[in-house]
Structure formats: C-alpha cells, structure tokens
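S.K.: Here's my sequence, what's the structure:
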Amino acid sequence: MRKLVLLVLFTSTSLLVFTQNTEWGIKAGLNYNANGDYFDSVLDTSENPDRNIGFHLGLFGKIGRDLYFKPELVYTSTKSDYDSGGFSMKKIDAPLLVGVKVLGPIAVFGGPSLQYILDTDSGISGISINEVENDFSVGLNFGVALNFEKFGIDVRYERGFNENEATFLDNNGLDINDRLDTRPEQIILSLSLNL
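M.R.: The predicted structure follows:
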C-alpha cells in the first residue's frame, strides 16, 4: 500500500510539472468530524461520538480547467468525544479528486482519499490505545467548490471505506474488550490559494 501511495504521489507531481493548464497551491480549513463508533464489548453497547471541530492544512495541484484532476496532500487532526472520554487522530490524507465545472465558478468533484494514520490518542483516564489495525486506509471524498482566479472554497463529505479498529488497554496493558471503529466520517470546509 505504501508503494501505491508513493507511486500515485510521484505520478501526480510529474503530471503537474510537465502539463500545461496546471495550478498548485496551499489549502487549510476545518473538519466537522466523528472518528467512529465506540463499542464496549462487556456491556454490548455502542456510543456514537459527539462531533468536534478539527483542522487540516496542506498542498494541492490541479490539472485542467473545465474537467480537472486535483491531487492533494493534507495533514489532518481530528478529535471525537464519547461519554467515557475522547479519541484524537492525526493523519496524512491524499485525496485524488476529479472535478467538473458546472456553472461559472461552481464545480463538483469526487474521488478516493488515501489515508495514513500518524498518531492516535485516548483521552479516557487510565486507558491507552493499542495500535490501530491498519495505518493505511481508503475513503471517499465528494463535494462542491467555488473557484475564482487565485482563491477557492470547497465543502466536502468524507467517509472511510475500510473497517479499521483500535482496541483499548488498561494501565497494566491488558485488553479491556473495548474497541473503536476509526473510520472517519466528516464534513470538511477548505479555503485554498493558488500560488
């Protein structure tokens, strides 16, 4: 999977450098997210997380005008609160988006998002997180954008595809039979600036 991510990033960068009608820039924004359902195996219950505001920042490229390919490389930090505590995640996202202008500056877009989890943290007192099953996962992004000459704004929905669980450990390192589905589900608001 790592080789696939590197190949996609190299190919995207090469296309941006050698193709006309290309743009590149920086982006940042807010994520309104929930990292997934928390399952307590002992009580056989599930807690849906309270949504929290996270953030992201990164780089993007854009090839084409009316029909375009837009690869991105983004650092994302998210947090979700549960009745028993919180869960935060830091990751690198690489959305590979295809978009089309529909009317004036308005465009719609969608595509897969490759995700690499850098770090996870439990805000539950006395509990730590065992390693997440898969550092790499795949999700889907789709949304709408307003693109002006140097400035853009977009709103998108992201949902992770792969089931990816983390288990919780007590202070003695013992599994406490609780687990968290770490698939992201979020609404993302981004501002972008062409350089």
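S.K.: neighbouring strands for the top strand by length along the chain, and are they parallel or not?
M.R.: In terms of residue count, the longest strand belonging to the chain (DSSP state E) is strand 85-103. Note on strand 85-103: by DSSP bridges, its sheet partners are strand 67-82 (antiparallel), strand 106-122 (antiparallel).
S.K.: any chance of those strands in a markdown table, plus mean neighbour count, distance to D154 and mean pLDDT?
M.R.: The way it works is simple: take the backbone N, C-alpha and C, and place the C-beta from them, glycine included. Listed next are the strands paired with strand 85-103 as a markdown table, based on neighbours: other CB atoms under 10 Å; distance: least, CB to CB, whole Å; pLDDT from 0 to 100:
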| stretch | mean neighbour count | distance to D154 | mean pLDDT |
| --- | --- | --- | --- |
| strand 67-82 | 20 | 10 | 89 |
| strand 106-122 | 17 | 8 | 89 |
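S.K.: Which one of these lies nearest to P184?
M.R.: Nearest of the strands paired with strand 85-103 to P184, taken as CB to CB: strand 67-82 at 6.7 Å.
S.K.: if we can go back for a sec, how about the strands paired with strand 85-103, which one is nearest E23?
M.R.: strand 67-82 (8.9 Å).
S.K.: mind exporting that closest one as PDB, just the C-alpha atoms?
M.R.: The C-alpha coordinates for strand 67-82 follow below in PDB (Å, rounded to 0.1, in the frame of the first residue of the first chain):
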ATOM      1  CA  LEU A  67     -12.600  19.000 -16.400                       C
ATOM      2  CA  TYR A  68      -9.700  18.600 -13.900                       C
ATOM      3  CA  PHE A  69      -7.700  16.300 -11.800                       C
ATOM      4  CA  LYS A  70      -6.800  17.600  -8.300                       C
ATOM      5  CA  PRO A  71      -4.400  15.600  -6.100                       C
ATOM      6  CA  GLU A  72      -3.900  16.900  -2.600                       C
ATOM      7  CA  LEU A  73      -1.500  16.100   0.300                       C
ATOM      8  CA  VAL A  74      -3.000  17.200   3.600                       C
ATOM      9  CA  TYR A  75      -2.200  16.900   7.300                       C
ATOM     10  CA  THR A  76      -5.400  16.400   9.300                       C
ATOM     11  CA  SER A  77      -6.000  16.500  13.100                       C
ATOM     12  CA  THR A  78      -9.400  15.300  14.400                       C
ATOM     13  CA  LYS A  79     -11.000  14.600  17.800                       C
ATOM     14  CA  SER A  80     -14.200  12.900  18.900                       C
ATOM     15  CA  ASP A  81     -15.800  12.900  22.300                       C
ATOM     16  CA  TYR A  82     -17.600   9.900  23.900                       C
END
